[in-house]
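Undergrad: coordinates only, no sequence provided:
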């Protein structure tokens, strides 16, 4: 008698893992979370060294910028050493995503600025809402693996729209403070957390070059 080898049944865990691999490899650059962390650190640094000059650390902006450039080079070397040289596959969907989405966000921001200007309600909260929308768009690209962007978007949107001015002695909403500039400070903190989670997802999903060579 001849027996046919039974096909291996994929469990829900296997299917979830395969979907995670597909999502991460399709957007490998987006999951290099250390770059997102650096963008968040830049936002935090801008919050304490704003233009026009306000606060005691304004003169230190060039030093922080140079440190971030050094950290960017270090992150680039880390990813190349761990995963090798990776070239993204330029599909039509990817090109449209990278071109049309930023254009749509920019148009939406200009429209939001125009409407709030006409209504006379402009302020730092408008930029906070815009950043929240950007985070939500990133989260919607892969909700299963980038859910933390949706959480960050909801948090930032709630802070931007909540009447927080009534809770502080000055009566001014924190997003309207001159120093520190709270919108880049809060958004930067969210980006640092999200970047670390992206970095963890990348490391847990894909095998490093050294590990694949020893297998």
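TA: Perfect, thanks for sending it. Please read all numbers here as calculations on a predicted model, not as lab measurements. Residues are numbered from 1 along each chain as shown.
Undergrad: now residue 82: closest residue in space, sequence neighbours ignored.
TA: Leaving aside its sequence neighbours, residue 82 sits nearest to residue 208 (CB to CB, 6 or more residues apart in numbering; 4.6 Å). Any C-beta I mention is one placed from the backbone N, CA and C, and that applies to glycine too.
Undergrad: can you show me the helices along the chain?
TA: With DSSP state H as the criterion, the chain has helices at 12-26, 33-48, 61-83, 92-119, 124-141, 147-161, 182-205, 209-214.
Undergrad: circling back to that earlier point, ok, the residue nearest to residue 82 touching residue 86?
TA: No: the pair residue 208 / residue 86 is not scored as a contact, 12.0 Å apart, by CB atoms under 8 Å.
Undergrad: next, the contact list for the spatially most central residue of the chain, please.
TA: Centroid-nearest residue in the chain, with CA atoms, centre = their mean: residue 191, separated by 4.9 Å. Residues in contact with residue 191 (CB atoms under 8 Å, 6 or more residues apart in numbering) are 36-37, 39-40, 43, 152.
Undergrad: pLDDT score assigned to it?
TA: pLDDT for residue 191: 97.
Undergrad: when you give positions from now on, start the count at 49
TA: Got it, first residue is 49 now, which makes that one residue 239.
Undergrad: how near is the closest residue to it other than its chain neighbours to residue 200?
TA: Spatial nearest neighbour of residue 239, excluding adjacent residues (CB to CB, 6+ apart): residue 88 at 3.1 Å. Distance, residue 88 to residue 200, using CB to CB, to the nearest Å: 10 Å.
Undergrad: what touches both of the two?
TA: Listed as contacting both residue 88 and residue 200 by CB under 8 Å, 6+ apart are 238-239, 241-242.
Undergrad: picking up where we left off before, so how many other residues sit close to the residue nearest to residue 239?
TA: Residue 88: 23 surrounding residues under other CB atoms under 10 Å.
Undergrad: one more: the one 4 residues further on?
TA: Residue 92: 21 surrounding residues under other CB under 10 Å.
Undergrad: what of residue 167?
TA: 8.
Undergrad: can you check residue 170 too?
TA: Neighbours of residue 170 using other CB under 10 Å come to 15.
Undergrad: that one against residue 164, yeah?
TA: Yes: between residue 170 and residue 164 there is a contact under CB under 8 Å: 4.7 Å.
Undergrad: and for residue 176, nearest residue in space, chain neighbours not counted?
TA: With CB to CB, 6+ apart as the criterion, residue 176 has its nearest non-adjacent residue at 3.4 Å, and that residue is residue 208.
Undergrad: ok so, going back, so which of the helices of the chain is nearest residue 218?
TA: Among the helices of the chain, helix 230-253 comes nearest to residue 218, with 12.6 Å by CB to CB.
Undergrad: residue 98 versus the residue nearest to residue 176, what's the distance?
TA: Taking CB to CB, one finds residue 208 at 18 Å from residue 98.
Undergrad: related to what we said a few turns ago, which residues touch the residue nearest to residue 239?
TA: Residues near residue 88 by CB under 8 Å, 6+ apart: 235-243.
Undergrad: export the residues you listed to a markdown table and tack on distance to residue 251?
TA: What follows is the contacts of residue 88, written out as a markdown table (distance: CB to CB, whole Å):
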| residue | distance to residue 251 |
| --- | --- |
| 235 | 25 |
| 236 | 23 |
| 237 | 22 |
| 238 | 21 |
| 239 | 18 |
| 240 | 17 |
| 241 | 16 |
| 242 | 15 |
| 243 | 13 |
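Undergrad: much appreciated, bye for now.
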